[in-house]
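1. Take this sequence and fold it.
(one chain, ligands or ions: 1)
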Amino acid sequence: MLLCCRACRTMFSRLWGRGVRLLSAPEATAATAFQSPTPLPPTWNPDNRQDHTIPFPFSGASGMRAVMVEVIPLNIRPFTMAPWLFSSSQPRDYSLPNSSWSSEMQKLYEHYNNMCEVDTEGGNKVKGAWRRLPSYNSCLEYVTGGQGGSKVLQQEARLFTRNIEEQGAGFEYVVFMKKHEKTCICVFQPGHLLEGPPGYVHGGAIATMIDSVTGTHATYLSGLIMTANLTINYRSPIPLGSVVLVHSSLDKVEGRKAFISCQVTSSDGSKLHTEATGLFLKVDVRHLLGA
Ligand SMILES: CCCCCCCCCCCCCC(=O)SCCNC(=O)CCNC(=O)[C@H](O)C(C)(C)COP(=O)(O)OP(=O)(O)OC[C@H]1O[C@@H](n2cnc3c(N)ncnc32)[C@H](O)[C@@H]1OP(=O)(O)O
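-> As a prediction, the model looks like this:
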């Protein structure tokens, strides 16, 4: 990475002190070859941080004040990559239980969580068919472009579904993904700020959840995606404060396209609330930059 502008320097300053360290001069020499002098940890997650090394030589020869930084690729996927790298404080994982969750929501959470892969004390993983997807209110402070063309880090940007601070008032949800990434399930408890018809959830809020769950699913499948098409049929209203399941399943992948189906049902699966199909297109990051 060439630290050539304010945005780059801001990003690097946020990396500093967060599992990143400067190298000694001999170590830094290795950076000119753009190679990692220290082995990567086998896995990484925000709850179990380990030091990562970023070579940091100054490019003094040219007299430029720019700095070359090699960012070591982490063994994780885009968008789960490390929200804390871009954030000024330890992020909250919104997909963990909080006091606003009803006993039914908690029970369903435990049901799926008990089927997830877990780390044992010996460092081994116990196999489970599911994994819980963490969820942050700022998965990246996106570098934006488009018509506005500001192309700066939008530090104030927040994920739409995670920007209501009052617990239980908005979108309370947790997404689990089944191994092999063909299926996701979301346990969703819509709060009182999502009202549409009296006592029921707004259709736009339902669409938001469908887009979020299927979009997250597509992101895990394909990396950076955009929703190209979402077709929704509302079959029966969803009471505010109830707990519903959002089922997302991959129909097919054709090149850059992922076709995903979705059903929103009551928590016992007996009642169909909403059906949807979505088309997600894998995009290059330059698409978001408006290039
Ligand atoms: C890791 C987990 C963490 C997750 C964190 C995030 C959580 C939250 C997740 C929230 C997620 C929220 C996510 C959001 O909310 S994303 C926000 C809502 N979506 C948008 O704003 C997208 C706006 N549209 C575009 O940017 C472009 O049009 C896209 C990128 C979609 C395509 O432009 P691009 O220039 O790239 O492609 P192309 O035009 O050459 O077309 C290529 C092919 O695709 C076919 N096609 C295109 N459009 C449609 C269509 N509408 N129906 C049917 N087909 C369509 C087309 O015919 C062609 O087919 P073929 O001729 O090749 O066969």
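
2. Chain neighbours aside, what residue packs nearest to residue 252?
-> Once flanking residues are discounted, residue 252 sits nearest to residue 259: 5.1 Å by CB to CB, 6 or more residues apart in numbering. Yep, even glycine has a C-beta here, placed from its N, CA and C like the rest.

3. any idea how far residue 126 is from that neighbour?
-> Here the criterion is CB to CB, to the nearest Å. By it, residue 259 lies 33 Å from residue 126.

4. Between those two, point out the one with more neighbours.
-> residue 259 (17 against 9; other CB atoms under 10 Å).

5. picking up where we left off before, for the residue nearest to residue 252, phi and psi?
-> As for residue 259, its main-chain torsions (degrees, to the nearest 10) stand at phi -100, psi 120.

6. Kindly report the same for residue 285.
-> Main-chain dihedrals, residue 285, degrees, to the nearest 10: phi -60, psi -30.

7. contacting residues around it?
-> With contacts defined as CB atoms under 8 Å, 6 or more residues apart in numbering, the neighbours of residue 285 are residue 224.

8. do you know how far it is from residue 255?
-> Applying CB to CB to residue 285 and residue 255 gives a distance of 18 Å.

9. Going toward the C-terminus from the helix or strand bottoming out on mean pLDDT in the chain, what's the next helix or strand?
-> Sorting the helices and strands of the chain by mean pLDDT, DSSP states H and E puts strand 52-53 at the bottom, at a mean of 29. Following strand 52-53 in sequence order, the next helix or strand is helix 103-113 (DSSP states H and E).

10. quick one: strands adjacent to the helix or strand that comes right after that following helix?
-> Using DSSP H and E, the helix or strand that follows helix 103-113 in sequence is strand 118-119. Applying DSSP bridges, strand 118-119 is found paired with strand 125-126 (antiparallel).

11. Give me the buried positions along the helix or strand following the strand it pairs with.
-> Going down the chain from strand 125-126, the next helix or strand is strand 130-133, by DSSP H and E. Judged by neighbour count using 16 or more other CB atoms under 10 Å, the buried positions of strand 130-133 are 130-133.

12. And the strands in the stretch 151-291 of the chain, which stretches?
-> Secondary structure of the stretch 151-291 of the chain by DSSP state E, counting those that start in this stretch: the strands cover 171-178, 183-190, 225-234, 244-254, 257-266, 272-282.
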